[in-house]
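*Asks:* Everything below, folded, please.
(chains A and B, ligands or ions: 1)
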Amino acid sequence: MSLPQNWRRQAGRYRLQGIKCQNCGRMSLAPRSICPRCHSTDIAPHQFSGKGEIYSHSTLYQAPAGYQAYIPYTVALVRLEEGPLVSAQLTDVDTDQVQIGQKVEMVTRKLREYGDEGLIVYGYKFRPVLKGE
Amino acid sequence: MENYRGNGRGIMIPNREVGIVGYGAYIPRFRIRADEISRIWKDGEESLHLEEKSVAGLDEDTATMAIEAARNALERGRINPGDMGAIWVGSESKPYAVKPTATIVAEALGSTPHLNAADWEFACKAGTEALQAALGFVSSGMAHYALAIGADTAQGRPGDALEYTASAGAAAFLVGPGEESLAVLEGSYSFVSDTPDFFRRPLQPYPEHGHRFTGEPAYFRHTLQAGQYLMEHLGTKPQDYACIVLHQPNAKFPERAARLLGFSEKQFRPGLLVEVIGNTYAGSSPLGLTAYLDQAQPGERVLMVSFGSGAGSDAFSFRITEKIRKNLAPLPAVQDYISRRREIDYATYARYRGKLNYG
Ligand SMILES: [Zn+2]
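*Replies:* Next up, the predicted model:
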């Protein structure tokens, strides 16, 4: 991904900001200008709480370029408390401790680095809830 | 000079009441035990009286730790991220040599773009000088809220004494008006001198210490002067304080300095974390303050004195208010982060800290 592409996605990626249709209330993490459900163009930014639970997960022992430093790591589909499903890496958890239904919360971490000289890309991951619920 | 309330010799007293509206801590999950480091380098014979230290994970750095500490501070203060007038990050382990960490934090919090964002530097006191500036910024009326953060993922050369202590952590203070504060500032003071006790030249991965300078002329001189001078000019005595929080490069220095200043173990214990998390550098005394605030009672006083090599100390006297009892959503306390621990061995530690790249 290019520098401008990374930059444009920051609000969503750094803090799990998405959109909410002001007509029908549908929420999504992917930026859209038209609601896929009611076709309204009345779309506003929406800050998700970052709380959710694990819907499904799988652990990767081989990784795409740029992510090899982190293997093994677990990728999960997380059901946000607001409803949408989001795919993200889990962190601060041993791969054998991950369970479906586990309560997780969003944290901002390093996603990858473009070598020693390039950009550091930050973004959301999820970890087991530290406190509360 | 009619609005000036200092003494003309460094004592800083704001024109209107300001203080800490919210605070937050962050300590990574990984720990390496001192005896594991000692096993590799010294046949198990050296440990500097530490049990273990925190280690940042592969996906953590000063920015990510600052972000979590800051989120905790904002949530505790119940502040809208867009209301922040400044976000200042003090650190000596910046993710980029050139590019501010503070903008990454501001973006992640959702505070951009109408604010001041900057990084502060002064070895281990970079966080407290950001706090001092934030208190000034708010008391002048230039901002309603300002966020000051101390965060570091400290590096020690493999086998060096620093390797037993150099650790990772962050603390954030949301500064605002006195009437909203859980801890109101009574006064602050800084004592600095050009002392070459510890330094790192550009492009060098690890710092050097000027061994002859580390103890008496650096840590003790600055810490004791700053603490004594501030108490003298505020007219306070050690017995007026529930707690004293000092910079914690090891277990011995802060304990000895606290006793020399006239404080007892009961007063320095609540803010002393070095034995279980190591020296978090710019996060060190700020994290100690957050640990005390987790248990503070209205009416108590706390004295914090940081120390940064090069060298200087910032001293602060705070008075705790009723707001400390604000009924809040459950937020992680320092103790929750300390209890959340995953022990790693030296090989994993070396991988996490990127030490395999260096000789
Ligand atoms: Zn719609």
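*Asks:* residue ranges with poor pLDDT in chain B?
*Replies:* B:1, B:42-48, B:211-213, B:327-329, B:355-359 (pLDDT under 70).
*Asks:* Outline the domain layout of it.
*Replies:* The record assigns chain B these domain ranges, following automatic domain parsing: B:16-182+B:327-352, B:187-323.
*Asks:* I'd like those written out as JSON lines, with distance to chain A and mean neighbour count added.
*Replies:* In short, each C-beta sits where N, CA and C put it, glycine included. Formatted as JSON lines, the domains of chain B follow (distance: least, CB to the nearest CB, whole Å; neighbours: other CB atoms under 10 Å in any protein chain shown):
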{"stretch": "domain B:16-182+B:327-352", "distance to chain A": "4", "mean neighbour count": "22"}
{"stretch": "domain B:187-323", "distance to chain A": "11", "mean neighbour count": "21"}
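*Asks:* Adding distance to the ion, write the ones you listed out as JSON lines.
*Replies:* Compiled in JSON lines, the domains of chain B are given as follows (distance: least, CB to the ion, whole Å):
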{"stretch": "domain B:16-182+B:327-352", "distance to the ion": "24"}
{"stretch": "domain B:187-323", "distance to the ion": "42"}
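*Asks:* near chain B, which residues of chain A show up?
*Replies:* Residues of chain A lying near chain B by CB under 8 Å from any CB of the partner chain: A:10-11, A:14-15, A:17, A:47, A:69-70, A:91-92, A:94, A:107-111, A:120, A:122, A:125, A:130-132.
*Asks:* Just the ones in helices from these, please.
*Replies:* Of the positions in the residues of chain A next to chain B, A:Gln10, A:Ala11, A:Tyr14, A:Arg15 sit in helices, assigned by DSSP state H.
*Asks:* returning to that earlier point: report the buried members of the residues of chain A next to chain B.
*Replies:* Buried by 16 or more other CB atoms under 10 Å in any protein chain shown: A:10-11, A:14-15, A:17, A:70, A:91-92, A:107-111, A:120, A:122, A:125, A:130, out of those.
*Asks:* Out of the residues you listed, name the ones that lie in strands.
*Replies:* Using DSSP state E, the subset of these located in strands is A:Gln17, A:Val107, A:Thr108, A:Arg109, A:Lys110, A:Leu111, A:Ile120, A:Tyr122, A:Lys125.
*Asks:* still on that earlier bit, from the ones in helices among the residues of chain A next to chain B, which is closest to chain B?
*Replies:* The nearest member of these to chain B, counting by CB to the nearest CB, is A:Tyr14 at 4.2 Å.
*Asks:* The closest one against A:Lys125, yeah?
*Replies:* No: counting by CB atoms under 8 Å, A:Tyr14 stays clear of A:Lys125, with 11.5 Å between them.
*Asks:* what residues are shared contacts of these two?
*Replies:* A:Thr108 (CB atoms under 8 Å, 6 or more residues apart in numbering or on different chains).
*Asks:* so when I look at B:Ala218, I'm seeing a strand, right?
*Replies:* No: assignment of B:Ala218 by DSSP: H, G, I helix; E, B strand; the rest coil gives helix, placing it outside any strand.
*Asks:* how about the nearest residue to it, chain neighbours excluded?
*Replies:* Setting aside the residues directly before and after it, B:Ala218 is nearest to B:Asp197 in space (CB to CB, 6 or more residues apart in numbering or on different chains), at 3.7 Å.
*Asks:* Now for B:Gly90: which residues touch it?
*Replies:* If you count contacts by CB under 8 Å, 6+ apart, B:Gly90 has them with B:119-122, B:125-130, B:148-151, B:282.
*Asks:* same thing but 6 Å
*Replies:* By CB atoms under 6 Å, 6 or more residues apart in numbering or on different chains, the residues touching B:Gly90 are B:Trp120, B:Ala126, B:Gly127, B:Ala130, B:Gly150, B:Ala282.
*Asks:* For it, grab phi and psi.
*Replies:* phi -100, psi 130 (degrees, to the nearest 10).
*Asks:* With B:His233 instead?
*Replies:* Dihedral angles (degrees, to the nearest 10) for B:His233: phi -80, psi -20.
*Asks:* shaky segments in chain A?
*Replies:* In chain A, residues with pLDDT under 70: A:1-8, A:132-133.
*Asks:* Point out the residues in it that sit beside the ion.
*Replies:* Within chain A, the positions adjacent to the ion are A:Cys21, A:Asn23, A:Cys24, A:Arg26, A:Cys35, A:Arg37, A:Cys38, A:Ser40 by CB under 5 Å from the ion.
*Asks:* Which members of those are classed as buried?
*Replies:* A:Cys21, A:Arg26, A:Cys35.
*Asks:* so can I have JSON lines of these showing secondary structure?
*Replies:* What follows is those, written out as JSON lines (three-state DSSP):
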{"residue": "A:Cys21", "secondary structure": "strand"}
{"residue": "A:Arg26", "secondary structure": "coil"}
{"residue": "A:Cys35", "secondary structure": "coil"}
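*Asks:* now the strands: where do they sit in chain A?
*Replies:* A:17-21, A:27-28, A:43-47, A:51-60, A:73-80, A:85-89, A:103-113, A:120-128.
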